[in-house]
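[1] what follows is a predicted structure for the sequence shown.
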Amino acid sequence: MEDFVSESDSEYTSYWRDWFISSRGNEYFCEIDEDYLTDRFNLTGINADVTYYQYALDLVTDVFDLDCDDDMRETIEKSARHLYGLVHARYIVTTRGLTKMLEKYKKAEFGKCPRVNCHSHPLLPMGLSDVHSVKPVKLFCARCEDMYNPKSSRHATIDGAYFGTSFHNIIFQVYPALVPAKSIERYAPLVYGFKVHAAAALERWQNAKRDEMRRRLRRLEMDTGFQGDDEDDHDDDDDDDADDQEDDRPRVETEGQGQLRQHQQQQQQQQHHLEMDAMVDITAGNHASRPGAFAPQ
Ligand SMILES: [Zn+2]
């Protein structure tokens, strides 16, 4: 404390923010530049949302010198935190702010995606509303493009408006190289090793749609964003069923390839029958063998 007092003004003024950033539970916040905080233009309209606005701003910028009791001090302290959060949402979409948040993102300071197929992809904080006190902060994964609740209860209560609804999207527009490659990996529900029919049918349909879109994009020479699409310039997708119908180029097959193809088709048909059987089994009968599975609520 004494160190700060004895040092120059600029170091002294970083004190409250230093304390705020390093407090437990505030790990998602980056430090707002003093220049940004002292430019009134950046704070336009915020005064209406913050009680004791001027005192709070003085506290944040370390020029607070009001002699007041503890209750008042606590109220102003609370206002200062709220003010900082509101300014933070504006600051993190500026060039400087984006750079600071990018550093934190690279170190995965906001956590990692819990989804297995995202392979611990780093998350970004996001708000569901730009209006304060509406929704707490969520975490966005750019790989699965889904959002998650923060793990820690300290983070789960932070106001989402302190990050806003745009930051996590703007950062990928400013740094397009950061957009992760889309993965075609997905979970397929199995019952004793057999695909569950309804889910499998949906997956086949979704895969066909996705591949159709990828083909269209590639025909237009647009980036599909999927992993490995840059390398292969013709279709060699995992599922052959949609593939074979579209491809009308004459295929030259050796005898071995032909046999292999026939064998694969037979296997596919068998798999399909097994799925159908499993479906019939599960929906039509054998309720007793799966107690509770389809019991009415
Ligand atoms: Zn994810």
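    Looks like it arrived, so ask away.
[2] rest of the way, CA atoms for contacts and neighbours
    Will do.
[3] show me where the chain has its helices.
    For the chain, applying DSSP state H gives helices covering 2-6, 9-13, 15-22, 34-38, 53-60, 70-91, 95-106, 153-156, 167-174, 197-219, 240-246, 255-284.
[4] what about residue 77, distance to the ion?
    36 Å (Cα to the ion, to the nearest Å).
[5] counting neighbours, what do you get for that residue?
    A total of 18 residues lie near residue 77 under the criterion other Cα atoms under 10 Å.
[6] what of the one 4 residues further on?
    The criterion is other Cα under 10 Å. On that basis, residue 81 has 17 neighbouring residues.
[7] smallest gap between the chain and the ion, at which residue?
    residue 144 (4.1 Å; Cα to the ion).
[8] spit out the contact partners of that residue.
    Residue 144 sits next to 118, 182 when contact means Cα atoms under 8 Å, 6 or more residues apart in numbering.
[9] for it, what are phi and psi?
    Here the main-chain torsion angles of residue 144 (degrees, to the nearest 10) amount to phi -100, psi 0.
[10] now it: how far from residue 82?
    Distance, residue 144 to residue 82, by Cα to Cα, to the nearest Å: 31 Å.
[11] ok, now residue 122?
    26 Å.
[12] what does the chain put close to the ion?
    When proximity is defined as Cα under 5 Å from the ion, the chain approaches the ion at 113, 118, 141, 143, 144.
[13] which of these fall in strands?
    residue 141 (DSSP state E).
[14] can you add pLDDT and give the residues of the chain next to the ion back as a markdown table?
    Putting these into a markdown table (pLDDT from 0 to 100) gives the following:
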| residue | pLDDT |
| --- | --- |
| 113 | 96 |
| 118 | 94 |
| 141 | 97 |
| 143 | 94 |
| 144 | 93 |
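[15] buried among the residues of the chain next to the ion? Need that as a selection in PyMOL.
    A single PyMOL command suffices to select whichever of those are buried according to 16 or more other Cα atoms under 10 Å:
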select buried, resi 113+118+141+143+144
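[16] can you list the domain ranges for this protein.
    For the chain, the TED database gives the domain ranges 15-99, 102-178, 190-220.
[17] deepest of the ones you listed, which one?
    domain 102-178 (a mean of 18; mean count of other Cα atoms under 10 Å).
[18] ok, now which ones touch the residue nearest to residue 119 when sequence neighbours are not counted?
    Leaving aside its sequence neighbours, residue 119 sits nearest to residue 113 (Cα to Cα, 6 or more residues apart in numbering; 7.5 Å). By Cα under 8 Å, 6+ apart, the contact list for residue 113 reads 119, 120, 121, 122, 123, 141, 148.
[19] show me what the last one is bridged to.
    When you say that, I think you mean residue 148. Per DSSP bridges, the residues bridged to residue 148 are residue 139.
[20] hmm, residue 139 and it touching each other?
    Yes - if you go by Cα atoms under 8 Å, residue 148 and residue 139 touch, sitting 5.0 Å apart.
[21] common neighbours of the two, please.
    What both residue 148 and residue 139 touch, as defined by Cα under 8 Å, 6+ apart, is an empty set.
[22] so what's residue 14 scoring on pLDDT?
    At residue 14, the model reports a pLDDT of 50.
[23] that should have said residue 115, apologies.
    pLDDT, read off for residue 115, is 94.
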